[in-house]
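Undergrad: just to be clear, the model below is a prediction. Sequence and coordinates:
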Amino acid sequence: MLPAKFYSELIVWQLATELKQEVYRLVRISPANRDFDFRKQIFKAAAGTPQHIIEGFGRIYPGDFARFLTFALGSMNETEGWLSDGVDRGHWSEQELRAGRVLLRRLTPALRNLHRYLSTLPPRTPWRDLVWRDARLSEPVTPGEPGEPGEPDEPGDRVEPKEPT
């Protein structure tokens, strides 16, 4: 895995942002838009998840990044709680909540897996200075420019793993 150069390259951030946007959409089209306290709370929780990921990404050490991912998990869980509360309040139905639930089912393991991975790295070695192991090639690589071995030229390109020799 090569380190991302920008937080926007992280799948966890992309999923968290999709969830945030889905929450905003759901609130706008429902009676929740007039429930000001509820709206404030769910917006704050939904926005917290991608914001914590961004803040963690900007930290120097893997342990710090992992710590902010725990905050992101907390915000994500709070968002899920508010979404369920919205059903209880009659703001939306479980059917209307389906897209949000799908995003939550995708985001939860993604956040946990990234947290677990960061927790395996030396906590006080700057994470961008580490030698990364590209899981597709099973070779150590150092971060570099697109087009170098182990990194696809385009986001959709797929590099097949080498056979062990």
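TA: Great, that's in hand.

Undergrad: which element, helix or strand, includes residue 83?
TA: Assigned by DSSP states H and E, residue 83 belongs to helix 62-88.

Undergrad: and that helix, how far from the chain's centre?
TA: In terms of CA atoms, centre = their mean, to the nearest Å, the centre of helix 62-88 is set 11 Å apart from its chain centre.

Undergrad: give the other helices and strands that that helix contacts.
TA: helix 11-28, helix 36-57, helix 98-120 (3 or more CB pairs under 8 Å, 6 or more residues apart in numbering; DSSP states H and E). In this view, the C-beta of every residue, glycine as well, is placed from N, C-alpha and C.

Undergrad: buried stuff in the longest one?
TA: What that stands for is helix 98-120. Neighbour-count burial for helix 98-120 flags 100, 103, 104, 107, 110, 111, 114, 115, 118 (criterion: 16 or more other CB atoms under 10 Å).

Undergrad: farthest-separated two in those residues?
TA: In terms of CB to CB, the buried residues of helix 98-120 reach their longest pairwise distance at 100 and 118, which sit 26.2 Å apart.

Undergrad: could you list the low-pLDDT ranges of this structure?
TA: The model of the chain has pLDDT under 70 over residues 1-3, 127-165.

Undergrad: before we move on, the earlier item: just the buried residues of helix 98-120 now: which is nearest residue 59?
TA: Nearest to residue 59 among the buried residues of helix 98-120, with distances taken as CB to CB, is residue 118, at 10.2 Å.

Undergrad: ok, the closest residue to the closest one other than its chain neighbours - contacts?
TA: Once flanking residues are discounted, residue 118 sits nearest to residue 66: 4.0 Å by CB to CB, 6 or more residues apart in numbering. Residue 66 is in contact with 56, 115, 118, 119, counting by CB atoms under 8 Å, 6 or more residues apart in numbering.

Undergrad: TSV for those, including distance to residue 86?
TA: Output for these, formatted as TSV (distance: CB to CB, whole Å):
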residue	distance to residue 86
56	28
115	27
118	32
119	33
